[in-house]
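1. sequence and predicted structure below; questions after.
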Amino acid sequence: MQQQWSAVDNYLVEALIPNDPLLNQVLENNQRAGLPAIDVSPMQGQLLALLVRMVRARRILEIGTLGGYSTLWMARELPVNGELLTLEAEPLHAAIARENLHFAGVANLVTVAEGPALQTLENLGGRPPFDLIFIDADKPNNPSYLKWALHYSRPGTLIIGDNVVRNGEVTNPTTTDASVQGVRKFIDMLGNDPRLTVTAMQTVGVKGWDGFTLAWVNAI
Ligand code: SAH
Ligand code: DHB
Ligand code: MG
């Protein structure tokens, strides 16, 4: 199946997504630096970009930067007075991301905050809410990330969670995988919070079988 999923994904990308030397260069830089190739796919990147555009986001929070590939997809959609704060624990990842975002011409809109995301989130202090939040870091901490996401949300904030299907393992209630446990708790919290309207989509493609959640904050 994986071969067919990838073939269709590649066909659709070729047909629908303009070739973009900047985005390709970022992936190349990440590979050269030895970063894991777990960035969003081009199709997913374009979806993030469309969501930023659709909610007219001006302030974005991303948890989990890696080399800044998803960051770039989103940052390019921001207005000139927009801001994107992205959180990354690994110094090498943060350094490569800063280089990439500078090279791509969006460094003025993006802050890469280096350090464990929970620490950064605890110390953000009083600030205006974010319009869109993309949760894509260490999955065991997803429940805490959701709490913080809600803390920094307003009615109308869109909260996106990546990697919630994990090859179907998400349905296993006795899983010993801390990432899957984190995602299951995350989904449980999303489903039981009356402030949220939530959907989840399973995806297949170049990144295998996975999925994402979309949560709209109705009230805070
Ligand atoms: N959003 C990126 C992919 C992120 S991969 C993209 O699609 O391009 C997940 C990232 O989260 C990795 O770079 C990893 O170093 C980072 N990470 C893991 N644990 C973290 C933590 N506790 N705080 C912040 N970042 C963390
Ligand atoms: C992994 C993390 C991701 O954010 C992703 O999109 C795919 C895989 C991982 O840690 O394996
Ligand atoms: Mg991910």
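-> Looks like it came in fine. Ligands and ions are numbered 1, 2, ... in the order given.
2. CA atoms for contacts and neighbours, from now on please.
-> Fine.
3. which residues does the strand or helix carrying Met201 contact?
-> Assigned by DSSP states H and E, Met201 belongs to strand 196-205. Defining contact as Cα atoms under 8 Å, 6 or more residues apart in numbering, one finds that strand 196-205 is touched by 2, 5-6, 8-9, 165, 190-191, 209-219.
4. for it, which strands pair with it and how are they oriented?
-> strand 208-217 (antiparallel) (DSSP bridges).
5. how about the partner strand and ligand 3, touching?
-> No - on the criterion Cα under 5 Å from the ion, strand 208-217 is out of touch with ligand 3, staying 8.8 Å away.
6. got the buried residues for that strand?
-> Using 16 or more other Cα atoms under 10 Å as the test for burial, strand 208-217 gives 209-217.
7. then that strand to PDB, C-alphas only?
-> Coordinates of each C-alpha in strand 208-217 appear next as PDB, following Å, rounded to 0.1, in the frame of the first residue of the first chain:
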ATOM      1  CA  GLY A 208       2.400   6.500   5.700                       C
ATOM      2  CA  TRP A 209      -0.900   6.200   7.600                       C
ATOM      3  CA  ASP A 210      -1.500   9.000  10.100                       C
ATOM      4  CA  GLY A 211      -3.800  11.900  10.700                       C
ATOM      5  CA  PHE A 212      -4.500  15.200  12.300                       C
ATOM      6  CA  THR A 213      -7.100  16.900  14.500                       C
ATOM      7  CA  LEU A 214      -8.700  20.300  13.900                       C
ATOM      8  CA  ALA A 215     -10.200  22.000  16.900                       C
ATOM      9  CA  TRP A 216     -12.100  25.200  16.800                       C
ATOM     10  CA  VAL A 217     -12.300  27.200  20.100                       C
END
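8. element containing Leu61, please.
-> Per DSSP H and E: strand 59-63 holds Leu61.
9. neighbouring strands - and their directions - for that strand?
-> strand 83-88 (parallel), strand 132-135 (parallel).
10. how about the last one as PDB, C-alpha atoms only?
-> Backbone C-alpha positions of strand 132-135 (Å, rounded to 0.1, in the frame of the first residue of the first chain) are rendered in PDB as follows:
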ATOM      1  CA  LEU A 132      -3.800  29.400  15.100                       C
ATOM      2  CA  ILE A 133      -1.800  26.900  17.000                       C
ATOM      3  CA  PHE A 134       0.000  23.900  15.400                       C
ATOM      4  CA  ILE A 135       1.000  21.100  17.900                       C
END
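11. can you list contacts of it?
-> Under Cα under 8 Å, 6+ apart, the answer for strand 132-135 is 52, 55, 57, 59-64, 142, 145, 149, 157-162.
12. now with 6 Å?
-> 60-63, 157-161 (Cα atoms under 6 Å, 6 or more residues apart in numbering).
13. sec struct for the residue lying farthest from the centre of the chain, please.
-> The C-alpha centroid of the chain is most remote from Thr174, which lies 26.7 Å away (Cα atoms, centre = their mean). The three-state label given to Thr174 by DSSP: H, G, I helix; E, B strand; the rest coil is coil.
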